Every structure is written in C-alpha cells, then in structure tokens.
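**Q** Provided below for reference: sequence and predicted model.
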Number of protein chains: 2
Amino acid sequence: MSNIYTQGLDKVAANNMPLSPINFLNRTADVYPNKTAIIHGSEKISYQKYRENVRCLASALIQRGVKPGNTVSIIAANIPAFLDAHYGVPLTGAVLNSINIRLDAENIAFILDHGECDVLLTDTAFSKVVKKALALCSRSPLVIDIDDVMSEGGERLGQIEYQELLKEGAPNFNGNMIDDEWQALALNYTSGTTGNPKGVVYSHRGAFLNAVGNNMIWPLDGEAVYLWTLPMFHCNGWCFPWTVVAMGGTQVCLRHVEASAILHSIIDNNVTHFCGAPIVLNMLLNADADLLAKLPGKIKAMTAGAPPPAAVIKGMEALNVEITQGYGLTEVYGPCVVSEWKSDWNNLNEDERAALKARQGVRYPTQEDVDVLDPQTMLPVPADAETIGEIMFRGNTTMKGYLKNETATEDAFKNGWFHSGDLAVKHPDGYIEIRDRSKDIIISGGENISSVEIEGVLYKHPAVMEAAVVAKSDEKWGETPCAFVTLKPGKEATESEIIAFCRENMATFKAPKTIVFSELPKTSTGKIQKFILRQKVKNLTE
Amino acid sequence: MSNIYTQGLDKVAANNMPLSPINFLNRTADVYPNKTAIIHGSEKISYQKYRENVRCLASALIQRGVKPGNTVSIIAANIPAFLDAHYGVPLTGAVLNSINIRLDAENIAFILDHGECDVLLTDTAFSKVVKKALALCSRSPLVIDIDDVMSEGGERLGQIEYQELLKEGAPNFNGNMIDDEWQALALNYTSGTTGNPKGVVYSHRGAFLNAVGNNMIWPLDGEAVYLWTLPMFHCNGWCFPWTVVAMGGTQVCLRHVEASAILHSIIDNNVTHFCGAPIVLNMLLNADADLLAKLPGKIKAMTAGAPPPAAVIKGMEALNVEITQGYGLTEVYGPCVVSEWKSDWNNLNEDERAALKARQGVRYPTQEDVDVLDPQTMLPVPADAETIGEIMFRGNTTMKGYLKNETATEDAFKNGWFHSGDLAVKHPDGYIEIRDRSKDIIISGGENISSVEIEGVLYKHPAVMEAAVVAKSDEKWGETPCAFVTLKPGKEATESEIIAFCRENMATFKAPKTIVFSELPKTSTGKIQKFILRQKVKNLTE
C-alpha cells in the first residue's frame, strides 16, 4: 500500500528507539540523583549510586565476555544485587534468568542446562543447593558469589565475589546493547505445579509495557516506598523493579518474607506499597497484634498468584491496607488483569465489597485482550457468571514463547490466543472470576464443582487458617471434594463440624465429603501445590 | 546474530499487536459502559455511547470510500464530534488532519491542498472561512457539516450533516485498519509563527507513548474531569483525548475559550484538570473575582506552549490551582518535557518556587532524550545555567517527519536529533530553561539578551497585563530590546517608568530601550506572533 504517508517518513535515529524498561533508570537517575533508590537494612543507595552499580555490573560482565543472547542466571533473595541485575544484565544484551530459591538441586541443574547458563550470580545463602546443582549440571558458567551484607553466611563457590566484580566495571559506562525491542530480556521458568518447568521468554517491549501498565492500574509516584515481599524471581517481581524506578520511588529489600520482618520494615521505612500472594496477606493477618497496631495508614497492597479468599480481603481492609487484586501468569509478565474498583461500590456492605474484590477483573490498558473462551469453539462464553470457559490472552504483554520448546509454544498460542489453563466465568459487567485451573475442577455426579468456591467457604470458618480442596475418586459420584485444612493456632474443629459448616453455607452437593487436617505444601511463591495433595488423596484411597 | 533466543520465539497473533492509543477506548467502554465520557453543555455521553458514535463514524466513512492513507480533515471547536474523530478517523486507517480554526481561507486552502484532503468535517460555526477555502483549493473532498447542538448557526456547505452520517454507520462495527504501529495517525500543520506551515505526521506508536507519558508525569485517574480549554487541533490536544480515555476520566467540551465560560464550567462540572497556554491562565487571573472565589479546590492545570511568567504561576497558586509546566512542540506530540516538582522544594519561598516552576524541566519517561546541545559541535552545553544551546530531542515521541517535505525533515533530524529551534540553558540539576527561539535572541553590543528574561521582569510590574519583547535595529548597538506591553484594565504606566522598573530589576544593559503600548497579536494557541511585532518595529524605524 503506497500513499503520501508512506514516503519520506521513515524511522531514523531521532524518532525511533527500542522500547525497554531499562531506560527508566537513566531518566530517574538524571532527575533524582540523590534520592534513595534502594533501602537494605541500614544501607541506603541513591539513584546515582544505583546507576553506577548497574553500569559497573554491565561493563564488568562485557569485559568477561558476556554477549547479547547469553544467559545470566541469578539465584538470590530480594537484595540490591538482584535489583542491579534487572538493569545491568539486559544492558549487556544478555538475558536475565531468575531462579526460584526454593527449588531443589535437580531442578536448578535442569534450568542451568536448559537455559544454557553462561554466568551464575549466586547468593551465598543458597550455596548448599547451588553447589549440588553445579555438580549435577553439564554447564560450567562463570560463577559470581553474592556475599550480601545481610546474609547469614554460606560458602563461596565461584571465581569472584559480586562487589569485587563491580570494581572491575566502569561506573560511567554508557553502552546499551539493545537494538531491537523484541530482543529477549528475561527467562523465567514456570513453577513446578506441573511436570517439567518451561522457560518463558520476555521481550524488552513487553516488559516496558507491563511496567507502565502496573502504574496505570495501581498508581505509584515519586513518594512511593515499595517493599519487596514478592520474590523478584517470580515474573521479575511482576515487572515492579522497572515500574518503581520509572516513577522515581524507593525500593525496600527484604531477605526473609516472614510476618515480623515485613511488619518491622513497613513501620520503620513508612512503606506505602507492597505485593504478594494471598498467603503473604494471610500471614500478616495472623501476626503479632501489637505490631499490627503500629502499621502506618494508607498502605496499598496488590495481591495475585491465587484468588484471595474474601475473609483475607476483609481482614486486610480492617487493618487499613487497601487491597487490589491482580491476576496473571508467568506467560503474561505477571499480572495483566486487575480487579479494578469502581467508586459506586464504596457504598456496598463489607461482604459485597469483598465479593467484588475477589473477582480477577479486567485487562490492563497495556494488554490487548483477555477473555473467557470456549476452547473448542473459541467463542466467548456468555457473560452470565455461570458458564465456565478458559481464560485466554492476546497482546503485547504476552511472552515471546517457551525457550527451545516450539511444540509447547505453538500449543499455548493456538488459534491466536495464549491459553492460560485457568477456568473462569464472566460476570454481566465483563469482570472475569476464576473458578479453577482446568485440573482443579471436581466433577461429582456430573456436576462441576469449583474447588475455589469451597475454599472460599472454608476460609470463613473461624478456626480455619488455610484450606485447599482437590478431587477424591469415588465409586458412586466419580469424584467428591476433599479438603485439606490447617487450623489457626489454639483453635479446634472436627471433620464433621467443618463439613456441617460447609453444608450450611453453600449448595449441599458441593460440600466436601472428607476433611484432612495437615500442613499445606506450597511453592516458593505461596501457590499451594495441589498436585502433591492429589497424590496424598490417591494414597488415602489406595 | 543467532542464539537460542532468536529461534522459535517469533511475533505471532497472540503476542504482538500494533501499539495505538485508539485501543484505549475499547478497554474503557468495556469496563465503564455507563460512565460519563463526555459532557457538552447539558448533554452527557456515556462511554458506551461514545464508542458507538466512534464506530458509526468509522464504518460510515469506510462505506463512503475512506481508505488507509487517506486524509480526513476537521475544522471544529472543542466539541464531541472532534473527540469522536480522534478515534473514528484513525480506526479507518486514515489520517486525522486537525486544522486551526483561526486560520484564514488562504491558509486553510493551502492545508487542504498540501495534505490532499479526502474528507472535510467542518463545524458550521466556521462556514464562512471554510467556504472561501474550499473555493480557493484544488481538492473536492467529501464535506460533512457538523451542526453542533451548541453552535451559533452558520451555513451548511457539504453533502451531509454529521449526525446523519453517523446514522449511516454501524454502532457494533468492530474493524480496525491498523496493521503497523508506525502507520500515520495524525497530520498537524505547524502554526504560522514562521513562513509556510509544515505538515507534522504522527504515528500510532508515538501517540500511544505520549498519551501514556502524560499520565506518568501528571496523573489522572477515573475520577478526573478534564476541561477542554486547550484547542484539540493543537498537537491533538497534546494527546489528552487519548490519555483521559485510557484512564477512564470524563472530558468536558467547551466551544469558547473565554474566562467566564471556563470558570462556569469548572464550577458546574467539578473540573479537576485542564491544560492551556499561559495566556489562558493569565485570562483567568484577570477574571471576575466573584467567580474566582467559587472555584473548587484541588484543580490541576498543565501549561505549555510558552514559558509562563513567574507572576502567572504565583497568581494561579494563590487560587489553589496547582500548576505543572510542560514544554514541547508540534513535532514532539505536544509536551514531552515537564518541570517535574520535587517535594524538597515545598519549603522554599513563593518566589523561589515560582522560579523553579518556570523552568521547562526534564524529559517524559516515554521520550528517550532531551538535551541542550551546541548545534555546531552537537555536544551538550555545560550545566551551568549560563551557556545557551539548542534544545534537541530524540526518541519515540518525535514525529515521523514533515509530509512531502524530505528536505525539511532531513534538516530537522540532522545528526540524529530533532532540532527544536528553541534556545535554552541547562541548570546544574539538569533541568533546562528556555531562553528564546533562535530568532528571539537580541544581540546588543555583542551581548546576547534573552527576550524571555525581559518579559519575566515586565510581568512583575503591577500595571502590566501582557508583554512581548523583540529586537529593534540600532546603529550603535546593532540591536536593542523593544517591549510591546498591554496594561491591566484601569491601570496606568509610562514608558520611562517601565524602563526604570526594568533597570532596577535586571542587568541594566538588558533593559528595553523602547516601550510600545499595544494589543499583542497571537496565534490561536495563545503564542504571541513575534514576527508581526518585528514587522511593526521595522515600520517604526523606517
């Protein structure tokens, strides 16, 4: 197609640059050189120093041979070096591969091999498992030990320590190896709720857009103090290492995600924003009441990773923590769906508000489309809050694909949409609500029962701390719901009492037939590992 | 370059879409169908209805033969049809050419010819000049009359009225002719401060990014009520027709930008945000005190287009209107530089605050770079607040180029930067401050004198309403400053008194040697037309 607008109006150096979230640091360091970018214990790092560290990291890696398309893996707690890596590694054109710190040596070795790791940055706190993984894998990466100032020891495994490496670099290095925004920025392996992990690849373009999208749906500004309760290895901390810097906020590191450390940090640093799986919120709700009483007002928390039970939302709001629920997956850069709040809803009662807030919601303005489709016909389900379909995404904040796995990539992208595997309904107002992962639906006597719905009821029981429901095979019904429950400290309840409570609070046929009192196995990101519970149920029945 | 990240990770339908600001309307209409998108007098248009109008416009235009790459021109006040056009025209793949309503027939005819107008949407209020322009030009576009409900009459010139055209369209039309984000979206002719207008071409990508950038530096949210004091034909209203929709706010139309209408609309609609040239702010400052007393609190105003005198900033703040200064040009999508405020500065005194706020500032996070360079060496000037250089831009919110004018495009983009023609200094903190347009610098006895600096002093004089300074040729000094001044109603001052005031408040050699009391000629966007003043000065001396 040729017209007057297709001639003499080409992309040139002055009007076209690759989109990348890593450019945000230059802007903020230029405007706010002396502002605190990072807090780590008693240490405060200014934006100018942060950029210098990033530039030292990039130039030192390049001097040691790192090239565009290489893989730089990192296994670390939420510490400054990890924030450095979010800018310094992509600045070299290499890909940042953040590894889940709770994986076992076999899994880590699999990732180092499959991702073809060239450099490994490793927090000495995890030296035991990393040492094993390095012995198991077939790669021989350059290993850099991060001996963090707040670490509890651990062994050095590598050729050089992180601070020593930085000294090799140039604080005024001003290179940038990004010449195409579709270039890979990050490699994140899906967590082990099912089979072999797959390597999800992010582009610079997609990360830029999700970083900007975070701020559009959950505004931060230069006054924001963001606490790292969410693991940075999980979807690159939902792209917040880039969002917070873009807006000139301050990031507060945290080595251990446990209630007392979180609350002390919030109080000491006047934290305004944090993110986390519902399990993190639940942990806070059950924390020391004296500490909770000292929380500053106006804290905003974003939760995603699993649908938060209404009781958790209500509990947090009682603490004056404003909850926003997001929804997403590793494949869509973390959350790109938000339970966007409408001011009309402020007048509803607490239960109604919690029910609305528990819905996953609507797409970010930076994602083209999210919908609930019938995977057979690829048609949207009716917006009746009843018909279950599969959540699918399309747009610029959808992954490039799975590394070295074209079959899985094609499968995930078939018919022009990314298939999430999550089952949901669409409400008449267009908000979507998760019913379950495909495999989490319980089919009992021909009726579909949502395990999430049962869990919602269980969380309302005054003695229940945590709950997870899976299918148990049954001769008569095919499947029946089996609930795994942890009780609150000092509380008591019996199986029959909890079943009775469920029957009173939901359709009788949906109530669990079995209650198992036990700890719940979780991934590092707080997702309950239902495949382990399913195995337990299988053992129960055999 | 081939590596593991360049294989099997291609762009496909699920993970790649052209960036375009026009997609924001779909998202907001999905989430907030019943919310008020547009207020026009007593009329309120919901987001659902707005989208229907847009879809009707696009499908009706397509049915009448509009194709990608066509030019659809519009000449209209700030009315709903103009907001429709910002989405409906680009949806067809055609380019929206917004024409300045204050141009004369010859200029409009030039634009219709040069831009190869295929369709003209014309507000009947401007029928007199448009009729002449159509007679003068060599094009025969489809002419659509907009007989706005609040218009004051005027003649119908075309084949069909706008509301009738919408009836030809399909409210559920769901096409989108954008397949490349570099595709042209808008064509905006530079205003006539110099010679023949040039046609600045915007891309969908650039407009998306500046729309998002506006919100990053000047946050709006779903509660925002944005008043259209800024002409939409000026840089597409600085991209705010897209920003406000992206954030789910409400836009308030306004046919006449005059003080009483603005203040009544702010009070009646609880306006929270508006934009305008400093001249608009100055108009408000001198408005009816009873109306000013009724202003609601917490209004945010963004000003750009000319450096606002410190006195105007102080005056607005006394009215509880928070001023943010932006800076840009048609070629960079309106403002992409902002005088970003630092909380440390809140404790400074009023004069110090106004002086800081009067600086143009720093780049948007969505523009790659802005700097003050020596145009000879292309090196940045020292950040000493003294050395004058030329403001230059590069990045994604820089125009595609000038339509059918490759020489001007290459010239503007030489050495990899867009050359703004504006002269500025850089402060030690990196904030830039305009000294003048290249041709506005006065060279007197070998010293460069900034006309902006003199104007800043003149505005502090209690009797001065408006002031503009140009060079007057002088046998002894080469040039001397000549000030054109308008006095406030009821105030008096003499030439010698004003000159004495200037000599007391700035370096003596910079003070104007001549004061002319007269009205100031302005463009429709409130920019003072110094070329007319220069002509007057020439006549004075001849």
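**A** Good, I have the coordinates. Remember, it's a predicted structure, so these values are computed and weren't measured experimentally.

**Q** surely residue A:72 is within a strand?
**A** Yes - secondary structure of residue A:72 (DSSP: H, G, I helix; E, B strand; the rest coil): part of a strand.

**Q** so it sits right up against residue A:97, yeah?
**A** Yes - counting by C-beta atoms under 8 Å, residue A:97 is a contact partner of residue A:72 at 6.7 Å. Backbone N, C-alpha and C define where each C-beta goes, glycine included.

**Q** helices along the stretch 151-300 of chain A, start to end?
**A** Applying DSSP state H, counting those that start in this stretch to the stretch 151-300 of chain A gives helices spanning A:162-168, A:204-217, A:235-238, A:240-246, A:259-269, A:278-285, A:289-293.

**Q** overlap in contacts, residue A:72 and residue A:97.
**A** Common contact partners of residue A:72 and residue A:97 (C-beta atoms under 8 Å, 6 or more residues apart in numbering or on different chains): residue A:117.

**Q** with neighbour numbers in mind, choose between these two.
**A** residue A:97 (30 against 27; other C-beta atoms under 10 Å in any protein chain shown).

**Q** tell me which element the more buried one is part of?
**A** Per DSSP states H and E, residue A:97 falls inside strand A:95-98.

**Q** listing partners with orientation, what would you give for that strand?
**A** strand A:71-75 (parallel), strand A:184-189 (parallel) (DSSP bridges).

**Q** now do the last one against helix A:204-217, angle only.
**A** Think strand A:184-189. 80 degrees (axes from the mean of the first three to the mean of the last three C-alpha atoms, to 10 degrees).

**Q** for strand A:184-189, list the C-alpha coordinates in CSV.
**A** Provided in CSV are the C-alpha atoms of strand A:184-189 (Å, rounded to 0.1, in the frame of the first residue of the first chain):
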residue,chain,number,x,y,z
ALA,A,184,14.9,-11.3,24.8
LEU,A,185,15.2,-9.6,28.2
ALA,A,186,14.3,-12.3,30.7
LEU,A,187,13.9,-16.1,31.0
ASN,A,188,11.6,-17.3,33.8
TYR,A,189,10.9,-20.9,34.4
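
**Q** mind checking the pLDDT average for that strand?
**A** For strand A:184-189, mean pLDDT rounds to 97.

**Q** next one: it to chain centre, how far?
**A** Here strand A:184-189 shows a centroid-to-chain-centroid distance of 14 Å under the convention C-alpha atoms, centre = their mean, to the nearest Å.

**Q** which residues sit against that strand?
**A** Contact partners of strand A:184-189, identified using C-beta under 8 Å, 6+ apart, comprise A:20-22, A:69, A:71, A:90, A:95-100, A:111, A:115, A:197-204, A:207, A:233-236, A:330, A:400, A:403, B:5, B:9.

**Q** repeat that for the first one.
**A** The set of residues that contact strand A:71-75 without belonging to it, under C-beta under 8 Å, 6+ apart, is A:61, A:66, A:81-82, A:85, A:89, A:92, A:94-99, A:101, A:108, A:111-112, A:115-123, A:126, A:130, A:141, A:187, A:233, B:4.

**Q** got it, and stretch A:239-249?
**A** A:21-22, A:24-25, A:27-28, A:31-32, A:35, A:37, A:47, A:83, A:86-87, A:207-208, A:210-212, A:214-215, A:220-226, A:230, A:232, A:236, A:250-251, A:273, A:275, A:333-334, B:216, B:365.

**Q** kindly report the same for stretch A:161-171.
**A** A:52-53, A:55-61, A:63-64, A:81, A:121, A:144-147.

**Q** whichever of those residues end up buried, select them in ChimeraX.
**A** Of those, the buried ones go into a single ChimeraX selection, burial set by 16 or more other C-beta atoms under 10 Å in any protein chain shown:
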select /A:52,53,55,56,57,58,59,60,61,64,81,121,144,145,146,147
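
**Q** check the stretch 151-300 of chain A for the residue nearest chain B and tell me.
**A** Distances between the stretch 151-300 of chain A and chain B by C-beta to the nearest C-beta are smallest at residue A:184, namely 3.8 Å.

**Q** for that residue, which residues make a bridge with it?
**A** Applying DSSP bridges, one finds that residue A:184 bridges with residue A:203.

**Q** got the domain ranges for chain A?
**A** As recorded under automatic domain parsing, the domains making up chain A are A:23-211, A:258-437, A:445-541.

**Q** JSON lines for the ones you listed, including distance to residue B:167?
**A** As requested, the domains of chain A are arranged in JSON lines below (distance: least, C-beta to C-beta, whole Å):
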{"stretch": "domain A:23-211", "distance to residue B:167": "38"}
{"stretch": "domain A:258-437", "distance to residue B:167": "27"}
{"stretch": "domain A:445-541", "distance to residue B:167": "46"}
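
**Q** which of those has the lowest mean pLDDT?
**A** Least confidently modelled of these is domain A:445-541, at a mean of 86 by mean pLDDT.

**Q** for that domain, what is the distance to the chain centroid?
**A** In terms of C-alpha atoms, centre = their mean, the centre of domain A:445-541 is set 25 Å apart from its chain centre.
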